[in-house]
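>>> Could you work out the structure for the sequence below:
(one chain, ligands or ions: 2)
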Amino acid sequence: MAARPAPYLDGLNPAQRQAVEALEGPVLMLAGAGTGKTRAVTARIAHLLNTGAARPNEILAVTFTNKAAREMKDRVGASMGHAVEGMPWLGTFHAICVKLLRRHAELAGLKSNFTILDTDDQIRLLKQLIVAAQIDEKRWPARQLAGIIDHWKNRAWTPGNVPAAEASAFNNRGVELYAAYQERLKTLNAVDFGDLLLHMVTIFQAHGDVLDQYRRWFRYILVDEYQDTNVAQYLWLRLLAGGHHNICCVGDDDQSIYGWRGAEVGNILRFEKDFPGAQVIRLEQNYRSTPHILAAASGVIAANKGRLGKTLWTEAEEGEKVRLIGHWDGEEEARWIGEEAEAMARGSRGLRPYSLDDMAILVRASHQMRAFEDRFLTIGLPYRVIGGPRFYERMEIRDAMAYFRLAVSPDDDLAFERIVNTPKRGLGDKAQQKIQTMARTNGVPLVEGARLLLESKGLTGKGATELRRLLEGLGRWHGAVLEARQSHVELAEIILDESGYTAHWQNDKTPEAPGRLENLKELVKALEEFENLQGFLEHVALIMDNETEECGAKITIMTLHAAKGLEFPVVFLPGWEDGLFPSQRAMDESGLKGVEEERRLAYVGLTRAEEVCTISFAANRRVYGQWQSQLPSRFIDELPEAHVEVLTPPGLYGGGYGAAAPARGGIEEAATGADVYNSPGWKRLQAHNTTRPMAQPRESRHMVIDAEAVAAFETGARVFHQKFGYGTVTGIEGDKLDISFDKAGAKKVVARFIVAAER
Ligand code: ATP
Ligand code: MG
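Numbers count the residues shown, from 1 in each chain. Ligands and ions are numbered 1, 2, ... in the order given. Purely as a prediction, here's the structure:
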């Protein structure tokens, strides 16, 4: 048979080609970021099809996201020169397992039309079981149990084989509740996410005939991002590949970032033992990034212990050094990135012009997105958020906003419906029905209906007590809005506190809870930029209105986790500060494990960049209305200096970069003269406990602000406030200053918000 043309082989390097052409037997491609692993997997699929080794539906190919699956399918088609019909088994573990489980549902005691529960359903169900087992749900919350069960499922432990060491989980009742939960799911003809794999592993283990059928059917197995598989996924793959061993896994131990979700980097290291005779292929040429970016990434990851270690090289032109910039605070960071993105789009940075589509902002925690979204909306910079709702669409944000809306206008029925039983107040459907009826009958808003209901004793017991408390709270908060006695920021905190909403998430032990609390803090932070609650609510309403998807280029905002496997010509990495990145949780974790996983995340972030990579940090962040000094991330210390260029922030520092007008008008102080960047331990020491921004080696003009000095003002001193502008100190009281502002008049302001102005 004449060989068909194989355009997909063109341009592959010898190692990639080997991986593509070694169709029979196990293959492990273990290589660093951007070395063409995913490309090789794609070419391998094309090769399987082109040589007739397999039909499209005989290939099992696992990707990490649905998006990656779509892309791979498109690329296989493109590289073969024609669209590929029907690759039903190219997808994520979950997508593939749903299909399989539908076919064999009865073996798991289910019907093929089973439903897949979301987290909320799952929690509700667990709560019922906890209550039925007469366990105090307040002390032992359902979310915690959900986390435990998830963890067990990731390890492929059914209730019957949870190891004895775990018996004490959830007050010794975990295993028993797990069993009850699984039973309940069966009765409901439902599964949760973790079940998809767990059931399939169990079915394959118990039914050799079914397993054999698929072993014959899936003649070739390919897995991308293998370093992030958990035990259940690993077992599932090992079972399926057990017959023919035609399995090709690709991954990078340095990019293992899902340990917190049960992924085991050990799976990749064990491959040769599991599949004796495996060909291990290493790729060393990086095709994605410039040498500076690559060197910076390699420098950071080198600090991790116990790596396999890899060499990476590139033929790409030297390009830009990794750019590092320190900012006064998070808002300034967002402002700078917005301006920088616009400037780069115009091509006015001495670089080629980039489309906004070429740019991405990769954040560690999703709450960081808020500052960017707000800023970009303000300046009209088009953006998209990938992997998760935009900030103001998140559940906890919508809940909190509903409380604020009610404080402003008690007639807001939609808001009332949303929060009447959030957090739980024992006001279930029945009670809510009664409130609705009362309100309708009397033609009044729900809040009023609720009051009438209580008055008429139409509701009793715990629900009544709680409803009364809620109504009292709403009355108080509304009064506070009208009187404007306290700052709206303070009031917002009081509302979240008194309503029990903050406590609700504080008592929640699931992995998402800390993130939700951070989002709430971020919400309060956003409030500070507005005069009052109304103004803020209007702002958000406008944002939400803005949602229509316009076409055109957009800058991407996403988390580092979601960015795995992707690449962008221009990458911004904001918030490189200890406590944020690495996250506080990771730093608190015993040993180095947490920080090492964060470092791999830093490596993932850096290696997403093709041409221009900018790391930034802020010297101050506001947390719950308090300024907090930040230390630059330890990962910044680990960047090899030769590959880093320190940028001068414009604005406050009077810096020359881009010659932007100083945002805070003419605040300058004499340079210290010290080249701080080159002094020993400059980054951490300089930043320690101060609001001192980074100094710039290339610029002599920069200012250093010391927190203590900031506080030490004298009467008569000229000062500057971000919002109120210039003024003169007229009095000092503790940490507050009386200031007569030139434009804004007399005000009392916390000293921390004030900087000395040039005379
Ligand atoms: P990651 O670890 O980040 O997932 P990867 O190893 O999967 O990276 P790919 O995404 O496959 O890397 O490839 C990175 C970039 O290099 C892509 O733009 C790809 O098209 C390109 N590339 C891969 N192999 C080659 C090659 N042989 N010649 C030219 N470009 C290549
Ligand atoms: Mg890849």
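
>>> Could I get the buried residue list for the lengthiest helix in the chain?
Counting residues, the longest helix found in the chain (DSSP state H) is helix 461-483. For helix 461-483, a neighbour-count test (16 or more other Cβ atoms under 10 Å) marks 463, 464, 466, 467, 470, 471, 473, 474, 477, 478, 480, 481 as buried. C-beta: built from backbone N, CA, C; applies to glycine.

>>> send the alpha carbons of it over as PDB?
C-alpha atoms of helix 461-483 as PDB (Å, rounded to 0.1, in the frame of the first residue of the first chain):
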ATOM      1  CA  GLY A 461     -40.900  28.200  66.500                       C
ATOM      2  CA  LYS A 462     -37.300  28.600  65.400                       C
ATOM      3  CA  GLY A 463     -38.300  29.900  62.000                       C
ATOM      4  CA  ALA A 464     -40.300  32.700  63.600                       C
ATOM      5  CA  THR A 465     -37.500  33.700  65.900                       C
ATOM      6  CA  GLU A 466     -35.000  33.800  63.100                       C
ATOM      7  CA  LEU A 467     -37.300  35.700  60.800                       C
ATOM      8  CA  ARG A 468     -37.800  38.300  63.500                       C
ATOM      9  CA  ARG A 469     -34.100  38.700  63.900                       C
ATOM     10  CA  LEU A 470     -33.700  39.100  60.200                       C
ATOM     11  CA  LEU A 471     -36.400  41.700  60.000                       C
ATOM     12  CA  GLU A 472     -34.900  43.600  62.900                       C
ATOM     13  CA  GLY A 473     -31.600  43.500  61.200                       C
ATOM     14  CA  LEU A 474     -33.000  44.700  57.900                       C
ATOM     15  CA  GLY A 475     -34.700  47.600  59.700                       C
ATOM     16  CA  ARG A 476     -31.500  48.500  61.500                       C
ATOM     17  CA  TRP A 477     -29.400  48.400  58.300                       C
ATOM     18  CA  HIS A 478     -31.900  50.400  56.400                       C
ATOM     19  CA  GLY A 479     -31.900  53.000  59.100                       C
ATOM     20  CA  ALA A 480     -28.100  53.200  59.000                       C
ATOM     21  CA  VAL A 481     -28.200  53.800  55.300                       C
ATOM     22  CA  LEU A 482     -30.700  56.600  55.700                       C
ATOM     23  CA  GLU A 483     -28.800  58.200  58.500                       C
END
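
>>> which secondary structure elements does it contact?
Contacts defined by 3 or more Cβ pairs under 8 Å, 6 or more residues apart in numbering; DSSP states H and E place helix 461-483 against helix 395-408, helix 446-455, helix 488-498.

>>> so that helix versus helix 446-455, what angle?
140 degrees (axes from the mean of the first three to the mean of the last three Cα atoms, to 10 degrees).

>>> Need the residues that contact helix 461-483.
Applying Cβ atoms under 8 Å, 6 or more residues apart in numbering, the contact partners of helix 461-483 are 403, 406-408, 410, 420, 425-428, 431, 447, 450-451, 453-454, 459, 486, 488, 491, 494-495, 498-499, 532-533.

>>> at 6 Å what do you get?
If you take Cβ atoms under 6 Å, 6 or more residues apart in numbering as the criterion, helix 461-483 is touched by 406-408, 410, 425-427, 431, 450-451, 454, 491, 495, 498.

>>> In a markdown table: these, plus neighbour count.
Below are the contacts of helix 461-483 laid out as a markdown table (neighbours: other Cβ atoms under 10 Å):
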| residue | neighbour count |
| --- | --- |
| 406 | 28 |
| 407 | 29 |
| 408 | 19 |
| 410 | 20 |
| 425 | 19 |
| 426 | 14 |
| 427 | 21 |
| 431 | 22 |
| 450 | 28 |
| 451 | 20 |
| 454 | 19 |
| 491 | 21 |
| 495 | 23 |
| 498 | 17 |
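
>>> With distance to residue 218 and pLDDT added, can I get the residues you listed in CSV?
Listed next are those as CSV, based on distance: Cβ to Cβ, whole Å; pLDDT from 0 to 100:
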residue, distance to residue 218, pLDDT
406, 55, 93
407, 58, 94
408, 58, 91
410, 60, 90
425, 51, 94
426, 51, 92
427, 51, 93
431, 53, 93
450, 58, 96
451, 63, 96
454, 63, 95
491, 60, 94
495, 55, 96
498, 57, 95
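
>>> Can you tell me which of these comes closest to residue 165?
Set against residue 165, the nearest of the contacts of helix 461-483 by Cβ to Cβ is residue 426 (37.4 Å).

>>> wait, what's in contact with that closest one?
If you count contacts by Cβ under 6 Å, 6+ apart, residue 426 has them with 462, 463, 466.

>>> Looking at the residues you listed, spot the one nearest ligand 2.
residue 466 (51.3 Å; Cβ to the ion).

>>> if I look at the closest one, how far off is residue 125?
From residue 466 over to residue 125 the distance is 23 Å, taken as Cβ to Cβ, to the nearest Å.

>>> rewinding a little: so of the helices and strands packed on helix 461-483, which one's packed in deepest?
helix 395-408 (a mean of 22; mean count of other Cβ atoms under 10 Å).

>>> Helix, strand, or coil at the residue of the stretch 1-150 of the chain found nearest ligand 2?
Proximity of the stretch 1-150 of the chain to ligand 2 (Cβ to the ion) peaks at residue 38, 3.2 Å away. Recorded secondary structure, residue 38: helix (DSSP: H, G, I helix; E, B strand; the rest coil).

>>> Skipping its backbone neighbours, what lies nearest it in space?
Distance criterion Cβ to Cβ, 6 or more residues apart in numbering; nearest residue to residue 38, sequence neighbours excluded, is residue 224 at 5.7 Å.

>>> try residue 333
residue 327 (4.2 Å).

>>> Just the mean pLDDT for the helix or strand harbouring that neighbour, thanks.
Assigned by DSSP states H and E, residue 327 belongs to strand 322-329. Regarding strand 322-329, the rounded mean pLDDT is 93.

>>> With stretch 361-375 instead?
Averaged over stretch 361-375, pLDDT sits at 92.
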